[in-house]
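Engineer: quick one, fold the following:
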Amino acid sequence: MTRSELSSFASIRVIRGRTWLVGILVLLFFPNAFAQSEFSTFWKKFRSAVVAGDKATVAEMTKFPLSMPAFQKAVKNRADFLRRYNEIFRGEANAAQCFATAEPRKESDRRCEIYCPFKETPDDRENAPIRFEFELTKSGWKFAGLDNINE
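Structural biologist: Predicted coordinates:
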């Protein structure tokens, strides 16, 4: 290799190293920037699957056991989830209708929530007690629970 080729090669390595360092610094100083953009991607896919009634995709995006409202058993696994899908997404709230316009609320770097009104009063956003909970897990964002905050 000539001297100019070696110099060029060294410059490329320095640029790559700096790019890597900048990426690490961004994650250190803005740790939730990645998590939030990752949640946005998760939410778009999850919302689309619920609106379309794609039970299999929604099940893949769910953490088990899935927490349920008071006096209801947790959803143990995928089979239980598929069996109880209508109870979860068409029970007290019409999730497909709600999710079409709902905006996630960030509760922490690891938790986001969506609040929906009762299906009998779909336009009553002032009274939206049905909470869909999402959690950042080791494998990414997952649907982690359903709750009625009035109970």
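Engineer: so for stretch 108-119, what gets flagged as buried?
Structural biologist: By neighbour count on 16 or more other CB atoms under 10 Å, the buried set for stretch 108-119 is Arg111, Cys112, Glu113, Ile114, Tyr115, Cys116, Pro117, Phe118. Glycine gets a C-beta too; all of them are placed from N, C-alpha and C.
Engineer: show the contacting residues for the fifth one.
Structural biologist: Read that as Tyr115. Ala102, Arg105, Ala128, Pro129, Ile130, Arg131, Phe132 (CB atoms under 8 Å, 6 or more residues apart in numbering).
Engineer: surely Asp123 is within a helix?
Structural biologist: No: read with DSSP: H, G, I helix; E, B strand; the rest coil, Asp123 is coil and lies in no helix.
Engineer: how close does it sit to Cys98?
Structural biologist: Asp123 is 11 Å from Cys98, where distance means CB to CB, to the nearest Å.
Engineer: which residues touch Lys142?
Structural biologist: With contact set as CB under 8 Å, 6+ apart, Lys142 has these partners: Met61, Thr62, Lys63, Phe134, Glu135.
Engineer: isn't Phe46 right up against Glu60?
Structural biologist: No: judged on CB atoms under 8 Å, Phe46 makes no contact with Glu60 at a distance of 9.9 Å.
Engineer: element containing Ala144?
Structural biologist: Following DSSP states H and E, one finds Ala144 within strand 140-148.
Engineer: list the buried residues in that strand.
Structural biologist: Neighbour-count burial for strand 140-148, with 16+ other CB under 10 Å as criterion, is recorded at Trp141, Lys142, Phe143, Ala144, Gly145, Leu146, Asp147, Asn148.
Engineer: most neighbours, which of the contacts of Lys142?
Structural biologist: Compared across the contacts of Lys142, Phe134 has the highest neighbour count, 25 neighbours, by other CB atoms under 10 Å.
Engineer: may I have the secondary structure class of that one?
Structural biologist: Phe134 is classified as strand under three-state DSSP.
Engineer: any idea how far it lies from Phe39?
Structural biologist: 7 Å.
Engineer: any common contacting residues for the two?
Structural biologist: Residues within reach of Phe134 and of Phe39 at once, by CB under 8 Å, 6+ apart, are Pro104, Cys112, Trp141.
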